[in-house]
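generate coordinates for the sequence data below:
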Amino acid sequence: EYWYRNLRQTVELETTTRRLIADGHSAFVEVSPHPVLRLPVQQTVEAAEAEAVVLGTLRRDDGGLQRFLTSAAELFTHGVQVDWAAALEERGGRRVELPTYAFQRDRYWLEAPVGVGDVGSVGLGSLGHPLLGAVVSLASG
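Numbers count the residues shown, from 1 in each chain. Sure thing, here's the model as predicted:
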């Protein structure tokens with residue numbers, strides 16, 4: 001009876017999406033093997049001049065756990081809260097502390113010797129200016 005009713009009656013996707021937007025929802029996730037409703041939902045969000053993230057979870061020929069977790073990460077980057085402990089704990093995931101500054105306590109610079117040599121051999125000349133280290137002569141003069 002459920003399937004028959006769904007096949008015979010109008011779905012009202014746009015009306016429902018507009019109502020959800022009006023109620024303050026800002027994230028729409030299509031959970032299906034091939035997210036064909038993503039585009040019409042996105043178009044309804046744009047027509048309503050609203051801000052919302054519209055994503056799918058799975059893809060055709062890409063429907064495993066890795067794809068699902070990638071979709072969850074994409075939601076997270078758009079500001080949607082994801083319970084990572086529940087999603088990763090049984091799979092060996094764990095929290096790690098990250099430095100507050102990207103280069104804290106570690107050097108990521110290449111160790112290279114200071115260049116010493118005659119730059120005149122590559123066409124550079126001395127300018128005698130405190131900020132400009134070299135000059136190249138123009139071909140016209």
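
need the contact partners of stretch 17-34.
With contact meaning Cβ atoms under 8 Å, 6 or more residues apart in numbering, stretch 17-34 is reached by 37-38, 41, 44-45, 48, 50-60, 63, 71, 75, 78, 80. For glycine as for every other residue, the C-beta is placed from the backbone atoms N, C-alpha and C.

I meant stretch 63-71, not that one.
Outside stretch 63-71, the residues that reach it (Cβ under 8 Å, 6+ apart) are 29, 33, 55, 56, 57, 58, 59, 87, 88.

buried subset of those?
29, 55, 56, 57, 58 (16 or more other Cβ atoms under 10 Å).

okay, these in CSV with distance to residue 21, pLDDT and secondary structure next?
CSV is the format used below for the buried ones among the contacts of stretch 63-71 (distance: Cβ to Cβ, whole Å; pLDDT from 0 to 100; DSSP: H, G, I helix; E, B strand; the rest coil):
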residue, distance to residue 21, pLDDT, secondary structure
29, 15, 93, strand
55, 16, 93, strand
56, 18, 89, strand
57, 20, 87, coil
58, 24, 84, coil
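
distance to residue 127 added to those, as TSV?
Converted to TSV, those look like this (distance: Cβ to Cβ, whole Å):
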residue	distance to residue 127
29	60
55	55
56	58
57	60
58	61
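
between the residues you listed, which is nearest residue 134?
Residue 134 lies nearest to residue 55 out of the buried ones among the contacts of stretch 63-71, by Cβ to Cβ, at 51.5 Å.

just the helices in the chain please.
Counting by DSSP state H, the chain has helices at residues 2-8, 13-22, 38-47, 65-77, 84-88.

which non-adjacent residue is nearest residue 50?
residue 21 (4.8 Å; Cβ to Cβ, 6 or more residues apart in numbering).

any idea how many residues pack against the one you found?
Counted with other Cβ atoms under 10 Å, the neighbours of residue 21 add up to 20.
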